[in-house]
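**Q** here's a sequence, model it:
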Amino acid sequence: MTRSNLHITLSNGQQIICVADSTSAPEQGNIVEEVFTPLLNFNNHSEEMDFLKKHCTMDERRVNAMYRYYINLITKDIRMYEENYNYRADRFYKGEDLTERYTSYAETLNNQDSEEPN
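**A** Next comes the predicted model:
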């Protein structure tokens, strides 16, 4: 299972950090289809928090996380980076920008939805 640290700005501007409890590489689909897509459809911070509590470990970051996502529920923007941890400095830092991996998978999903017959 790949873990991700999520840095989320809720629709009311509140910022939270949590860990995705599910497999979080975008190409595996789970985090995009089961977490991000529904989360982006909320426009109420209470509903967003309730949803996140079901899918994430709140107020934590993991040193073994492979990815870091920045999710802004005001602008509906998602950015994806490598997650790095320096054990000596006891500090997390974001690595290479991997957002293209997320956007590529999200576009594939959107294209599949538009190709389905009614």
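**Q** could I get the CA-only coordinates of the longest strand along the chain as CSV?
**A** Using DSSP state E to define each element, the chain has its longest strand at strand 77-86. Extracted in CSV, the C-alpha atoms of strand 77-86 (Å, rounded to 0.1, in the frame of the first residue of the first chain):
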residue,chain,number,x,y,z
ASP,A,77,-7.2,22.2,-7.4
ILE,A,78,-5.1,19.2,-6.7
ARG,A,79,-1.3,19.1,-6.8
MET,A,80,0.8,16.0,-6.3
TYR,A,81,4.5,15.7,-5.3
GLU,A,82,7.0,13.2,-4.0
GLU,A,83,7.0,13.2,-0.2
ASN,A,84,10.4,13.1,1.4
TYR,A,85,11.5,12.9,5.0
ASN,A,86,14.9,13.8,6.4
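**Q** in the helix or strand just after that strand, what's buried?
**A** As assigned by DSSP states H and E, the chain's next helix or strand after strand 77-86 is strand 91-97. Judged by neighbour count (16 or more other CB atoms under 10 Å), strand 91-97 contains these buried residues: 92, 94. From N, CA and C alone the C-beta is placed, and that goes for glycine too.
**Q** contacts made by strand 91-97 with the rest, please.
**A** By CB atoms under 8 Å, 6 or more residues apart in numbering, the residues outside strand 91-97 that reach it are 5, 61, 63, 68, 79-86.
**Q** Produce a PyMOL select command limited to the buried residues of these.
**A** The buried subset of the contacts of strand 91-97, as determined by 16+ other CB under 10 Å, is captured in PyMOL by this line:
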select buried, resi 5+61+68+79+80+81+83
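**Q** any regions of this protein where pLDDT drops low?
**A** 113-118 (pLDDT under 70).
**Q** scan it for its longest helix.
**A** helix 99-115 (DSSP state H).
**Q** let's see that one as PDB, backbone CA atoms only.
**A** Listed next in PDB are the C-alpha coordinates belonging to helix 99-115 (Å, rounded to 0.1, in the frame of the first residue of the first chain):
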ATOM      1  CA  THR A  99       0.800  16.500 -10.700                       C
ATOM      2  CA  GLU A 100       0.800  15.200 -14.300                       C
ATOM      3  CA  ARG A 101       0.300  11.700 -13.000                       C
ATOM      4  CA  TYR A 102      -2.800  12.800 -11.200                       C
ATOM      5  CA  THR A 103      -4.200  14.900 -14.000                       C
ATOM      6  CA  SER A 104      -3.500  12.300 -16.600                       C
ATOM      7  CA  TYR A 105      -5.500   9.700 -14.700                       C
ATOM      8  CA  ALA A 106      -8.300  12.200 -14.000                       C
ATOM      9  CA  GLU A 107      -8.500  13.000 -17.700                       C
ATOM     10  CA  THR A 108      -8.700   9.300 -18.500                       C
ATOM     11  CA  LEU A 109     -11.700   8.900 -16.100                       C
ATOM     12  CA  ASN A 110     -13.400  12.000 -17.600                       C
ATOM     13  CA  ASN A 111     -13.000  10.600 -21.100                       C
ATOM     14  CA  GLN A 112     -14.400   7.200 -20.100                       C
ATOM     15  CA  ASP A 113     -17.400   9.000 -18.600                       C
ATOM     16  CA  SER A 114     -18.100  11.000 -21.700                       C
ATOM     17  CA  GLU A 115     -17.800   7.900 -24.000                       C
END
